[in-house]
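Enquirer: Predicted structure and sequence below. I'll ask about it afterward.
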Amino acid sequence: MSTPVDDPLGRERSHLAESRAALRAMREDAESLDISDVTANWVNAQILERQIGERIKALADLSDTPLFFGRLDYLHAPGIDLAEGADGERFYIGRRHVHDHGGDPMVIDWRAPVSQPFYRASKKDPMDIALRRRFGYTRGDITAYEDEHLSDPAEAATTSKLLQQEIERPRVGPMRDIVATIQPEQDEIVRSGLGGTVCVQGGPGTGKTAVGLHRVAYLLYAHRERLARTGTLVIGPNRSFLHYIEQVLPALGELAVKQATVDDLVAGKVEVRGADDAAAAVIKGDARMAEVLRRAVYSHVTPPTEPVVVVRGSRRWRVPAYELQDIVGELLDRDIRYGAARDALPQRIAHAVLVQMERSGEAPDDRVQDAVARNSAVKAAVKEVWPPVDPAKLVLRLLTDADFLAVHADGVLGEDEQKTILWAKAVRSVKSAKWSAADAVLIDEATDVVERTHSLGHVVLDEAQDLSPMQYRAVGRRCTTGSATVLGDLAQGTTPWATRSWGEALAHLGKSDGVIEELTAGFRVPTDVITYASRLLPHIAPGLTPVASVRENPGFFDLRPVSGTGEVVAACEELLANEGSTGLIAADARIPVLAEALAAAGIGYLDPGEETTEETRLTLVPASLAKGLEYDYVVLDEPQAVVDGEPDERTGLRRLYVALTRAVSGLIVTHTAPLPQELAG
């Protein structure tokens, strides 16, 4: 039965049904592939089978997720290279490319060049677009549409109601993609090239995390072969955060991006079982420690004082000490990795022997040089002059041997600083030591001095403002030949070593030429909530531009004095009556008390990062884990306790700023103690 000509919504629904059928056919084609006749061996078969499996997963049709969310009608047909093989002038924009049996596109990937005007076109610059149509969905079905005639001067520019509804839509479960709502300033960052590093300063609700994830998806689309070889990585502050964002890229069809914390990056050498006090952690995280470690590693090189005598048959070949000293000096001057220089040393000594052989009339080849390099006398000399270094043992000695530390920290760390990082008790071995997270970073640095760390093609570093300089260096080592996307908010730095400026951070990362962008339009946090939280900015980050909420809905906001935990639980019950998720955020020390009160009231709750369900929509969140998370509604318990839970007031106020800005639709602040004076006014 054909759709009536005057039923545009029906036509769009028909196109959606046809597109879903085409996607199913694409998936069935992938599932039916027979690789038995095209693989030469078992290894190739396994690789191809895995690739086909990933392709099948990427073609999954998520029934509750719109297959396309927009449509572009061009005034003139774009070039064939721009349209992914299409030569028409109407394109449906979606999360992935879908084509029919003839290969003609039915849905264009949002990352394709022809899709760009969906995000960038405006009345001032229509980009050859006659009409931009946005679709409204309910559980995957088209229920509405909205048109903008960008090339029609008679039609005034208006705010998209569907766009606003999508931005403000309640959330249940993990973070979702923003592919349908990307704004022009966000799209510019998303589509920036692979060769450059971008640092995004963004306040709460500006979409910086989503921008970073969508940039990865875009780069994988534009440079798939290159990044398939070199790899990509998303780095977050903790496991809860990574669990919260882990479904964004798969929803966009990207399944191969790994996720990790900085602690994961440096793990493996030792087991972290201890913790530093703030003073020791600050010094261990200082970039000056890199020079201390470099000195300590290279201190193992001993200038040779004896010649090397190589016996081959009846001949003896002697390399004098002064020539060995020149070889060692040249390797040191080249400033290559300690381990690489150690590997090169026997070959250099062997080359000196071969020169003598050639002068005496022999004609040695590479096999002779390799044999000389393996000679016992040469190996003994290398072991004496350039011994192997175990990074963990080296760091252990620095932290337990005051004299060894003093020698290599001379002129770099002061005496008091050296005493601060020295361990009070002697440790018998690497295995028995109670290593801290900062110690693991030091070992990672020392390891890189010895042998080069493998570099990836692109790294996304989120919540970067909380990293120490040494942690930045650890991340930078993972993208020395690649690029990075750095995301953060200086106002949300809550560690004693929090980033003071993005220029400094990029220098530690090894990306001083990175471009710094700032997002100031708030899409997630309601106006009344962000306005209240911004009272703290003059005290925690006076140079930053406050976030300006662009949401039409001002949100629900209430300051509520209470007499006990019973009223806090009542506030949670009040917010749970609304659609969406609710977070109860409190100072870490208050969590056990609130957990007991919730249990007594028969209210189930989740831990941060656990996926919200229809049955359990309340999450109990320690303030220390709230960063990066969002909830439709939030109850913030005892702001002053959040401030008091940190080692100093400024860090406490920053922690409070984070907690205040986790709400998407509404916030209730409950308190028995007076509110911090910085919030007065």
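Expert: Structure's in. What do you need?
Enquirer: low pLDDT regions in the stretch 101-250 of the chain?
Expert: Within the stretch 101-250 of the chain, the set of residues satisfying pLDDT under 70 comprises 157, 168-174.
Enquirer: can you map out the helices along it?
Expert: 117-120, 161-168, 184-190, 208-222, 224-230, 239-245, 248-251 (DSSP state H, counting those that start in this stretch).
Enquirer: same question, the stretch 401-550 of the chain
Expert: 402-409, 415-421, 437-450, 469-477, 502-509, 527-533, 537-540.
Enquirer: how many other residues sit next to residue 416?
Expert: The number of residues packed near residue 416 is 9, by other C-beta atoms under 10 Å. Just so you know, the C-beta spots here come from the backbone N, C-alpha and C atoms, and that holds for glycine as well.
Enquirer: Got the phi and psi for the closest residue to residue 90 other than its chain neighbours?
Expert: Closest residue to residue 90 apart from its sequence neighbours, by C-beta to C-beta, 6 or more residues apart in numbering: residue 73 at 5.2 Å. Here is the backbone geometry of residue 73 (degrees, to the nearest 10): phi -110, psi 110.
Enquirer: For residue 20, see how far away the most far-flung residue of the chain relative to its centre is.
Expert: The centre of the chain is farthest from one residue, residue 314, which by C-alpha atoms, centre = their mean lies 62.3 Å away. Remark: distance between residue 314 and residue 20 (C-beta to C-beta, to the nearest Å) = 83 Å.
Enquirer: Quick check, pLDDT for the residue farthest from the centre of the chain.
Expert: Predicted confidence (pLDDT) for residue 314: 85.
Enquirer: got a list of what it touches?
Expert: For residue 314, the contact set (C-beta atoms under 8 Å, 6 or more residues apart in numbering) is empty.
Enquirer: Number the residues from 22 up from this point.
Expert: Taking 22 as the first residue, the last one we looked at is residue 335.
Enquirer: mind checking the backbone torsions on it?
Expert: phi -100, psi 0.
Enquirer: burial count for residue 446?
Expert: 7.
Enquirer: can you check residue 174 too?
Expert: 8.
Enquirer: what do you get for residue 451?
Expert: 17.
Enquirer: And for residue 453?
Expert: 8.
Enquirer: Equivalent analysis for residue 173, please.
Expert: Residue 173: 12 neighbours (other C-beta under 10 Å).
Enquirer: One more: residue 573?
Expert: Count around residue 573 with other C-beta under 10 Å applied: 12.
Enquirer: and what of residue 674?
Expert: Neighbours of residue 674 under the rule other C-beta under 10 Å: 24.
Enquirer: residue contacts, it?
Expert: 557, 560-561, 664, 697, 699.
Enquirer: List just the nearest of the residues you listed to residue 515.
Expert: residue 561 (9.8 Å; C-beta to C-beta).
Enquirer: was I right about that closest one contacting residue 678?
Expert: Yes: counting by C-beta atoms under 8 Å, residue 561 touches residue 678, with 6.1 Å between them.
Enquirer: So which of the two has more stuff around it?
Expert: Taking residue 561 and residue 678 together and counting by other C-beta under 10 Å, residue 678 has the greater number of neighbours (26 against 22).
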